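In: quick one, structure for this:
(chains A, B, C and D)
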Number of protein chains: 2
Amino acid sequence: MPAPPKTNDDAVVGAALDLVARGGVDALTMPDVAQAVGVKTPSLYKRFESRDALLAAVERRALEMVADRLARVPKGRGPKEHARALATAFRAFAHEHPRLYPLVFTARADDATQAARTKAVATLLETLGHLAGTEHALHAARTLTAFLHGFITMELSSAFRLGGSPSDAFDYGLDLFFDRFTERLERQA
Amino acid sequence: MPAPPKTNDDAVVGAALDLVARGGVDALTMPDVAQAVGVKTPSLYKRFESRDALLAAVERRALEMVADRLARVPKGRGPKEHARALATAFRAFAHEHPRLYPLVFTARADDATQAARTKAVATLLETLGHLAGTEHALHAARTLTAFLHGFITMELSSAFRLGGSPSDAFDYGLDLFFDRFTERLERQA
DNA sequence: CGAGGTTGGCTAATTCATATAGCCTTTGCC
DNA sequence: GGCAAAGGCTATATGAATTAGCCAACCTCG
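Out: Just a heads-up that it's a prediction; the model follows:
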């Protein structure tokens, strides 16, 4: 029934994501997105209810990028190595996409976003189950994720100004976390 | 030489802070601030170069609130108790001012902001020196701060949706951190 | 094969916030 | 008494978000 579309939802989200990646959230303007996909501004509203709805879609896409990235981390030798590799991959994503990273933990509580988030941590949760025990996996995952997110946010916001190497501090924190599970693991072995 | 001012910088920042506290950063609009302090919009530009400059001042004020709050935490029995109390106070601030908290770690690198930040962590840094040893104080402070910030951000953004008590997870993470220093402390005693 | 409904585009227009220009008043000081 | 500067004000420009209303294309049915 329709007329020939000049673009599609995915392309719009892609263009928006690109703008955010380059200039941060403020760079996401409807005129710029429209130009990028080759339509006039009002046409975007046929696809997304508002700029905010589009931003939500962009956030979801960013979340999927993270989830994808984490899913590709090889299991490697054991749960400890895997968990550590996940942490490193997460941080690497943030360094590669510093303007995208902040989108990952915004206060959006809609179902679609939460689902994407859940998927992103699934791998971590499973691996930490092996490390901390299933009954503590959730607490452990929250602790580790909180550390990672906090560390990265501070790093990206230039909060580390008192000298010293941030990467060393990162390793320090990771060691502190994982050392906790060393004994448990050796007992299992 | 001047004419009688109808307001002053502090009042403007206060009004702006109030707006942010109620409605988040987006609620900080120049017309609303102007109305709150009883002047017309353009007059604000005689005091602050731009909305962003005003926001920077608000962020600094929020940072000062945090620093103040932390400085009031009693030293109590020992460094471990003090550090734990600092962590709790920090989280309490975030819960009391959920719209203000996100301002604390924004990516603003100007000197004034950094100075305010430095002051806010000074107490923590000192106490962690006692716990982790002076040479590791910075790493330890970064690890703890990262955990706190990450945890709080996730908490405020409703990222904890998989059930379980966030407060329990918080204690779990804090225990994991502080247990590390128990042995060291007992050796000293 | 033509009528119609639907999708998705467009132009025009509205609203609202940031920001600038330029003017005017008050008042401390000489 | 007059002047310089701070700080207010009105009028405007700019630009983003969003809505209204129109139009064309294309698939489906009769």
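
In: tell me which residues are up against stretch A:50-57.
Out: A:9, A:12-13, A:16, A:25, A:28-30, A:33, A:44, A:48, A:108, A:110, A:112-113 (CB atoms under 8 Å, 6 or more residues apart in numbering or on different chains). C-betas here are computed from N, CA, C, even on glycine.

In: does DNA strand C sit close to it?
Out: No. Stretch A:50-57 stays clear of DNA strand C (CB under 7 Å from any atom of the strand), getting no nearer than 12.9 Å.

In: list the buried residues of that stretch.
Out: Using 16 or more other CB atoms under 10 Å in any protein chain shown as the test for burial, stretch A:50-57 gives A:54-57.

In: swap in stretch A:11-26?
Out: By neighbour count on 16+ other CB under 10 Å, the buried set for stretch A:11-26 is A:11-21.

In: do stretch A:76-96 as well
Out: Those would be A:79-80, A:82-87, A:89-91, A:93-94, for stretch A:76-96 by 16+ other CB under 10 Å.

In: same check, this time on stretch A:119-128
Out: A:119-121, A:123-125, A:127-128.

In: show me which of the buried residues of stretch A:76-96 is closest to B:Asp175.
Out: A:Ala83 (18.7 Å; CB to CB).

In: that closest one contacts A:Leu124, doesn't it?
Out: Yes. With contact defined as CB atoms under 8 Å, A:Ala83 reaches A:Leu124; the gap is 7.1 Å.

In: shared neighbours of the two, anything?
Out: The contact sets of A:Ala83 and A:Leu124 overlap at A:Leu144 (CB under 8 Å, 6+ apart).

In: coming back round to it: pipe the buried residues of stretch A:11-26 into CSV and attach secondary structure, distance to DNA strand C and pLDDT per row.
Out: Converted to CSV, the buried residues of stretch A:11-26 look like this (DSSP: H, G, I helix; E, B strand; the rest coil; distance: CB to the nearest atom of the strand, whole Å; pLDDT from 0 to 100):
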residue, secondary structure, distance to DNA strand C, pLDDT
A:Ala11, helix, 9, 98
A:Val12, helix, 9, 98
A:Val13, helix, 14, 98
A:Gly14, helix, 14, 98
A:Ala15, helix, 13, 98
A:Ala16, helix, 15, 98
A:Leu17, helix, 18, 98
A:Asp18, helix, 18, 98
A:Leu19, helix, 18, 98
A:Val20, helix, 20, 98
A:Ala21, helix, 23, 98
